[in-house]
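Novice: using only what follows, build the 3D model:
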Amino acid sequence: MEVPQGKHAWMIKIGEKGQFVIPKEARDMFDFQPGQTILVLADEKRGLAIPPRADSQRIMSQIIDELQKEGE
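Specialist: Below is the predicted model:
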């Protein structure tokens with residue numbers, strides 16, 4: 001099966017505590033460092049997503065803005 005350029009997939013195991021390890025290739029690709037905090041997004045139909053760190057602040061701001069609009 002040919003994978004489109006820039007697209008990647010990895011199989012990982014969930015540990016007993018619900019933890020999983022981000023594969024080294026992915027950590028290197030997105031410059032994830034030990035001790036860093038990452039943003040995990042979830043959609044019940046589409047699954048989980050971990051956006052690039054550079055986008056996390058913008059995404060969090062958009063989420064907060066939307067929540068504030070809903071509360072008005």
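Novice: quick check, distance from the helix or strand hosting Asp55 to the centre of its chain.
Specialist: Assigned by DSSP states H and E, Asp55 falls within helix 53-71. Helix 53-71 sits 15 Å away from the centroid of its parent chain (Cα atoms, centre = their mean, to the nearest Å).
Novice: could I get the buried residue list for it?
Specialist: Neighbour-count burial for helix 53-71, with 16 or more other Cβ atoms under 10 Å as criterion, is recorded at Ser56. Where you see a C-beta, it was placed from the backbone N, CA and C, and this is true even at glycine.
Novice: list of residues touching it?
Specialist: The contact list for helix 53-71 (Cβ atoms under 8 Å, 6 or more residues apart in numbering) reads 30-32, 36, 38-39, 41, 51.
Novice: what about 10 Å?
Specialist: Residues outside helix 53-71 that contact it (Cβ atoms under 10 Å, 6 or more residues apart in numbering): 30-33, 36-41, 49-52.
Novice: in strands, which of those residues appear?
Specialist: Mapping these onto strands (DSSP state E) picks out 41, 49.
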